[in-house]
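>>> after the sequence you'll find the predicted model.
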Amino acid sequence: VTIKQPRVPVDRFADLLGPGAVRTGEAAGREFYADESLRAAAVEPAVVLTPANTSEVAEVVRIAATEGWPVTARGAGTGLSGACIPVEGGIVVSFERMADIVEVDLENQVAVVQPGVTLAQLNERLAPTGLVYPVFPGTDSASLGGNAATNAGGMRAVKYGVTRHHVLGLEAVLGTGEVISTGGRYVKTSTGYDLTQLIVGSEGTLALVTEVTVRLHPLLPSTTALLAPFSAIDEVAAVVPRIVASGLQPLVLEYIDKGTMKGLLRMTGMNLGLSATVIGQTEAYLVVVLEGKEESRVEQDCAALATQLYEAGAQDAFYLPPGQAADLLAARENAFWMVKAAGADDLVDMVVPRSRIPEYLRRVQELAKQFGSRVYGCGHAGDGNIHFSVYEPDEQQRSALLSAIYSMGARLGGAISGEHGIGRSKRQYYMDIESPEKLALQRRIKAAFDPAGILNPGCIFTAQTQ
Ligand SMILES: Cc1cc2nc3c(=O)[nH]c(=O)nc-3n(C[C@H](O)[C@H](O)[C@H](O)COP(=O)(O)OP(=O)(O)OC[C@H]3O[C@@H](n4cnc5c(N)ncnc54)[C@H](O)[C@@H]3O)c2cc1C
């Protein structure tokens with residue numbers, strides 16, 4: 001089927017969904033043209049649809065498949081890779097009206113939610129239950145549907161894993177309009193192909209998710225945070241795999257380089273009590289949070305961690321009071337807004353094996369120097385997933401620098417995106433690096449889920465080799 005630019009099919013969809021669920025032009029709102037990606041260009045869709053239930057989603061997709069109209073799912077639009085940016089003149093299916101928490105099942109420790117439920121809403125609902133959904137990508141306004149579609153990660157992945165490890169089941173509408181249910185309220189299965197996991201991380205290219213069943217964990221009430229400044233990047237990077245291997249199971253293991261920390265302190269006005277001498281000698285910081293059931297046990301583990309940090313060359317290991325720790329972690333989560341305001345031109349979200357972090361960090365800085373660009377890093381060191389903000393206004397130069405970073409990281413055994421996804425902004429870099437056999441297989445998988453090729457076309461990879 002050839003993807004067509006739809007004439008605005010307002011009447012047809014208004015009859016189906018009701019006029020309030022069909023918006024066009026300025027009435028739809030410019031927020032539907034883009035996400036938070038620093039690079040992907042905004043695009044105007046023909047129409048924004050807000051179905052109220054799975055049957056309506058299925059009918060919309062069925063019509064679109066028959067007509068060859070492109071359909072792009074949209075959660076909260078907080079994505080960082082341009083994945084929910086529509087095809088020009090295409091259809092956006094926004095899940096804002098499908099935002100009910102269907103059930104919190106305490107016995108099976110799962111929550112069943114509609115895709116438009118935000119992390120903030122789920123967290124609020126779980127607060128009195130003693131259970132927690134521990135996946136914590138940086139912004140709690142993101143939707144569970146978007147989290148599933150991007151396989152979102154975040155700071156706590158080092159202990160709990162990413163969205164993929166928590167999605168136990170899905171209800172989803174295929175590109176044909178057929179509805180499937182996958183998985184369930186159980187934690188293991190060996191029953192045919194794992195369609196749940198194929199859809200997780202597929203960025204709306206295989207199916208539209210209409211319900212998500214996620215795994216919950218008991219809330220561990222006691223947490224303590226340590227801040228460790230290091231004067232040598234190699235030392236801070238080298239201690240990360242050792243902390244992970246120590247068995248202390250950090251909840252958070254974040255890396256913040258000196259440039260980023262300076263910006264965060266300036267942005268928030270926070271005073272961490274660091275002396276000017278320590279700040280002057282520091283190249284990068286580690287923030288480590290441990291959690292547990294018993295406060296005394298967490299304190300014991302923190303003492304062992306502090307010893308490990310000193311032995312690895314840390315200038316100090318400060319216990320952060322709870323308020324200050326929360327402020328620093330919130331500032332770290334908001335680092336994206338800081339780099340955006342500072343005019344960053346792009347973000348790199350590569351993941352490498354933890355043991356290769358020292359080499360990766362060193363080589364990124366060498367490449368930045370070679371290209372005459374500024375590159376600052378902070379991120380999920382415990383997962384080998386350091387985010388770099390790249391300041392290089394010249395497009396050609398920037399693109400060459402990013403290609404060089406991605407190729408170098410791939411040679412170290414890494415992958416282009418640890419958690420933000422490929423979307424539209426990293427598509428070409430991904431297609432340049434990925435093996436043709438794997439791209440061809442992914443196209444065949446997409447064709448099986450979405451024979452008309454209408455679901456988020458052009459996201460992750462193009463339909464044809466380019
Ligand atoms: C300040 C900030 C910090 C962030 N920190 C992190 C972080 O630490 N870790 C991390 O992983 N991400 C992070 N992100 C990125 C972002 O929050 C995640 O990618 C999130 O999962 C996107 O969810 P969303 O609801 O906004 O999805 P959208 O941006 O709306 O969509 C993302 C993708 O999901 C698809 N999609 C959405 N809903 C559905 C559905 N129901 N069915 C099928 N496909 C769907 C879209 O088509 C698109 O491909 C951050 C973003 C910001 C702005």
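Great, that's in hand. All of these numbers come straight from a predicted model, not from anything done at the bench.

>>> next, the buried residues of the least confident helix or strand in the chain by mean pLDDT.
Least confident helix or strand of the chain, by mean pLDDT, DSSP states H and E, is helix 25-28 with a mean of 80. Residues Ala28 are the ones in helix 25-28 that count as buried (16 or more other C-beta atoms under 10 Å). Every C-beta, even on glycine, is put in place using the N, C-alpha and C of the backbone.

>>> ok, Thr163 - contacts?
Going by C-beta atoms under 8 Å, 6 or more residues apart in numbering, Thr163 touches Val135, Pro137, Asn147, Ala148, Thr150, Asn151, Ala152, Gly153, Val200, Gly201.

>>> change it to 10 Å
Counting by C-beta atoms under 10 Å, 6 or more residues apart in numbering, Thr163 touches 133, 135, 137, 144, 146-154, 157, 200-201, 212, 214, 419.

>>> re earlier: which secondary structure elements does the next helix or strand after the least confident helix or strand of the chain sit against?
The helix or strand immediately downstream of helix 25-28 is strand 47-49, counting by DSSP states H and E. Judged by 3 or more C-beta pairs under 10 Å, 6 or more residues apart in numbering; DSSP states H and E, strand 47-49 is in contact with helix 10-17, strand 22-23, helix 25-28, helix 54-67, strand 71-74, strand 91-94.

>>> out of these, which gets the lowest mean score?
With a mean of 80, helix 25-28 has the lowest mean pLDDT of the helices and strands packed on strand 47-49.

>>> just to revisit the earlier point, out of the helices and strands packed on strand 47-49, which comes closest to the ligand?
Nearest to the ligand among the helices and strands packed on strand 47-49 is strand 71-74 (3.5 Å), distances taken as C-beta to the nearest ligand atom.

>>> any buried residues in that closest one, and which?
Judged by neighbour count using 16+ other C-beta under 10 Å, the buried positions of strand 71-74 are Val71, Thr72, Ala73, Arg74.

>>> tell me the contacts of the residue in the stretch 301-450 of the chain that the ligand sits nearest to?
Relative to the ligand, the nearest point of the stretch 301-450 of the chain is Glu419 (3.4 Å; C-beta to the nearest ligand atom). Residues counted as contacts of Glu419 (C-beta under 10 Å, 6+ apart) are 80-81, 137-138, 150-154, 157, 162-163, 201, 349, 351, 379-380, 383, 385, 387.

>>> now, which of those residues lie close to the ligand?
Filtering the contacts of Glu419 for neighbours of the ligand using C-beta under 6 Å from any ligand atom leaves Leu80, Pro137, Gly138, Thr150, Ala152, Gly153, Gly154.

>>> okay, now the first one: neighbour count?
Just to be clear, that refers to Leu80. Using other C-beta atoms under 10 Å, Leu80 is surrounded by 26 other residues.

>>> just to be sure, it is in a helix?
No. Counting by DSSP: H, G, I helix; E, B strand; the rest coil, Leu80 is not found in a helix; it is coil.

>>> wait, it sits on Gly146?
No. If you go by C-beta atoms under 10 Å, Leu80 and Gly146 don't touch, sitting 11.1 Å apart.

>>> which helix or which strand is home to Asn108?
Going by DSSP H and E, Asn108 is not in any helix or strand.

>>> for stretch 276-284, which positions count as buried?
For stretch 276-284, the neighbour count (16+ other C-beta under 10 Å) marks Thr282, Glu283, Ala284 as buried.

>>> to clarify, my last question referred to stretch 185-205.
The neighbour-count check on stretch 185-205 (16+ other C-beta under 10 Å) flags Leu195, Thr196, Gln197, Leu198, Ile199, Val200, Gly201, Ser202, Glu203, Gly204, Thr205 as buried.

>>> can I get these in a markdown table including secondary structure and pLDDT?
As requested, the buried residues of stretch 185-205 are exported to a markdown table (DSSP: H, G, I helix; E, B strand; the rest coil; pLDDT from 0 to 100):
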| residue | secondary structure | pLDDT |
| --- | --- | --- |
| Leu195 | helix | 98 |
| Thr196 | helix | 98 |
| Gln197 | helix | 98 |
| Leu198 | helix | 98 |
| Ile199 | helix | 98 |
| Val200 | coil | 98 |
| Gly201 | coil | 98 |
| Ser202 | coil | 98 |
| Glu203 | coil | 98 |
| Gly204 | coil | 98 |
| Thr205 | coil | 98 |
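
>>> list just the nearest of those residues to Pro436.
Thr205 (18.5 Å; C-beta to C-beta).

>>> distance-wise, check the residue nearest to the closest one when sequence neighbours are not counted relative to the ligand.
Nearest non-adjacent residue to Thr205, counting by C-beta to C-beta, 6 or more residues apart in numbering: Asn456, 4.7 Å away. Separation of Asn456 from the ligand (C-beta to the nearest ligand atom, to the nearest Å) stands at 5 Å.

>>> Gly177: what's it in contact with?
With contact set as C-beta under 10 Å, 6+ apart, Gly177 has these partners: Val57, Ala58, Glu59, Val60, Val61, Arg62, Ile63, Ala64, Ala65, Thr66, Leu208, Ala452.

>>> and the ligand, which of those residues reach it?
The overlap between the contacts of Gly177 and the neighbours of the ligand (C-beta under 6 Å from any ligand atom) comes to Leu208.

>>> need the contacts of Gly177 in JSON lines (columns: neighbour count).
Shown next, in JSON lines, are these (neighbours: other C-beta atoms under 10 Å):
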{"residue": "Val57", "neighbour count": "27"}
{"residue": "Ala58", "neighbour count": "19"}
{"residue": "Glu59", "neighbour count": "16"}
{"residue": "Val60", "neighbour count": "25"}
{"residue": "Val61", "neighbour count": "29"}
{"residue": "Arg62", "neighbour count": "16"}
{"residue": "Ile63", "neighbour count": "17"}
{"residue": "Ala64", "neighbour count": "25"}
{"residue": "Ala65", "neighbour count": "22"}
{"residue": "Thr66", "neighbour count": "13"}
{"residue": "Leu208", "neighbour count": "29"}
{"residue": "Ala452", "neighbour count": "22"}
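
>>> which residues of the stretch 101-250 of the chain fall in strands?
Ranges of strands in the stretch 101-250 of the chain, per DSSP state E, counting those that start in this stretch, are 101-105, 110-113, 131-132, 167-174, 179-183, 207-215, 217-218, 222-230.

>>> for the ligand, what are the nearby residues on the stretch 301-450 of the chain?
Residues of the stretch 301-450 of the chain that fall close to the ligand, judged by C-beta under 6 Å from any ligand atom: Phe336, Trp337, Glu419, His420.

>>> could you rerun that using 5 Å?
Proximity of the stretch 301-450 of the chain to the ligand, by C-beta under 5 Å from any ligand atom, involves residues Phe336, Glu419.

>>> sorry, back to before: out of the buried residues of stretch 276-284, which are close to the ligand?
For the ligand, no contacts are drawn from those by C-beta under 5 Å from any ligand atom.

>>> out of these, name the ones that lie in strands.
Counting by DSSP state E, the part of those found in strands is Ala284.

>>> all set now, cheers.
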